[in-house]
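> Quick one, structure for this:
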Amino acid sequence: MLDLSLSARIDEIAKDRAAGAAELALRAADALRLARADELGEAAQAIVRAQPAMASVYNAARAALGGRLEEFTERLRRSSEAIARKAAGLIRGKAVLTHSYSSTVARALREGGPSRVICTESLPGGEGRRTAALAGGDFIADAAVYSALADVDVVVVGADAVTPDAVINKVGTALMVLAARERGKPAWALCGVDKFVSSEWQPRLGELFEPTPRDWFTGIVDDSSAEPDQGG
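The predicted structure follows:
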């Protein structure tokens with residue numbers, strides 16, 4: 001049985017529906033550091049169950065079990081800086097449309113110098129309000145995406161997971177990216193490699209998350225040293 005303080009931390013992570021995936025992964029890593037050697041396996045399983053759609057939480061658990069938790073955490077802490085630097089050339093001086101909340105995307109928008117930021121409300125949950133506040137963005141209803149794209153240069157979203165075939169993110173992402181594709185506007189996913197998982201990963205997405213085919217995106221901007229991955 002898990003220590004009560006560790007169980008309480010995991011419960012808090014499970015109940016959080018507002019934080020981004022990177023933030024949750026860091027909290028998961030902090031919780032896993034509290035686990036005794038004899039309860040690490042149980043704690044790792046509980047962490048994964050707490051946020052079953054978050055690949056970074058899953059990868060934090062794997063890193064802990066493999067004795068690589070400090071390495072994983074350090075890379076995660078540097079991730080948003082590297083991504084913001086790479087994304088700057090894609091958004092500088094441009095009108096950007098985004099969906100939901102991602103700490104990585106929020107940083108890229110703050111530092112990338114876009115001419116305008118438009119944020120969807122991102123229901124259910126309304127996380128787009130947080131993005132708008134942090135990035136100095138305008139706020140629109142989810143249903144206004146298609147018309148808003150007429151005045152947008154590029155779509156940028158975060159990701160909760162990237163599989164070989166899909167980008168998993170907040171529900172509503174697929175329609176936004178599809179609409180951008182229809183209007184001929186580029187759409188990029190910004191996320192660290194901590195979000196990448198193999199096809200063996202079987203998440204429970206529930207009603208809040210959905211997959212968007214990777215080839216609907218222009219590409220993925222990650223925190224590796226390579227140039228942005230150009231998709232379909």
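> list the buried ones in the top helix by length along the chain?
Within the chain, and with DSSP state H defining each element, the longest helix by residue count is helix 69-91. Within helix 69-91, the residues that count as buried by 16 or more other C-beta atoms under 10 Å are 69, 72-73, 75-76, 79-80, 82-84, 86-87, 90-91. Glycine gets a C-beta too; all of them are placed from N, C-alpha and C.
> which regions of the chain sit below the pLDDT cut-off?
225-232 (pLDDT under 70).
> Could you check what's spatially nearest to D194, not counting adjacent residues?
Closest residue to D194 apart from its sequence neighbours, by C-beta to C-beta, 6 or more residues apart in numbering: S56 at 4.5 Å.
> Show the backbone phi and psi for E210.
Dihedral angles of E210 (phi, psi; degrees, to the nearest 10) stand at phi -150, psi 150.
> What distance do you get for the closest residue in space to it that isn't next to it in sequence to A18?
Take E210 and drop its neighbours on the chain: the residue closest to it by C-beta to C-beta, 6+ apart is V171, 4.8 Å away. When distances are taken as C-beta to C-beta, to the nearest Å, V171 and A18 turn out to be 15 Å apart.
> out of those two, which sits in the busier spot?
The residue with the greater number of neighbours, taking V171 and A18 and applying other C-beta atoms under 10 Å, is V171; the counts read 19 against 12.
> ok, the more buried one touching G206?
No - with contact defined as C-beta atoms under 8 Å, V171 does not reach G206; the gap is 9.3 Å.
> which element is the residue nearest to L34 when sequence neighbours are not counted on?
The shortest distance from L34 to any residue other than its chain neighbours is 5.0 Å, reached at L6 (C-beta to C-beta, 6+ apart). Under DSSP states H and E, the secondary-structure element containing L6 is helix 4-15.
> who touches the helix or strand just after that helix?
Toward the C-terminal end, the helix or strand that comes next after helix 4-15 (DSSP H and E) is helix 21-33. Helix 21-33 is contacted from outside by 6, 9-10, 12-13, 16, 19, 40, 43-44, 47, 50-51, 54-57, 59-61, 63-64, 69, 72-73, 76-77, 79-80, 102-104, 158-161, 191-192, 194-195, using C-beta atoms under 8 Å, 6 or more residues apart in numbering.
> If we go by neighbour counts, what in the helix or strand just after helix 21-33 is buried?
Using DSSP H and E, the helix or strand that follows helix 21-33 in sequence is helix 40-50. Buried positions in helix 40-50, judged by neighbour count with 16+ other C-beta under 10 Å: 40, 43-44, 46-48, 50.
> Restricting to C-alpha, output helix 40-50 in PDB.
Coordinates of each C-alpha in helix 40-50 appear next as PDB, following Å, rounded to 0.1, in the frame of the first residue of the first chain:
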ATOM      1  CA  LEU A  40       7.900   2.300  -6.800                       C
ATOM      2  CA  GLY A  41       6.200  -0.100  -9.100                       C
ATOM      3  CA  GLU A  42       2.800   0.500  -7.500                       C
ATOM      4  CA  ALA A  43       3.300   4.200  -7.500                       C
ATOM      5  CA  ALA A  44       4.300   4.200 -11.200                       C
ATOM      6  CA  GLN A  45       1.100   2.300 -12.100                       C
ATOM      7  CA  ALA A  46      -1.000   4.700 -10.000                       C
ATOM      8  CA  ILE A  47       0.500   7.700 -11.700                       C
ATOM      9  CA  VAL A  48      -0.300   6.300 -15.100                       C
ATOM     10  CA  ARG A  49      -3.900   5.600 -14.100                       C
ATOM     11  CA  ALA A  50      -4.200   9.200 -12.700                       C
END
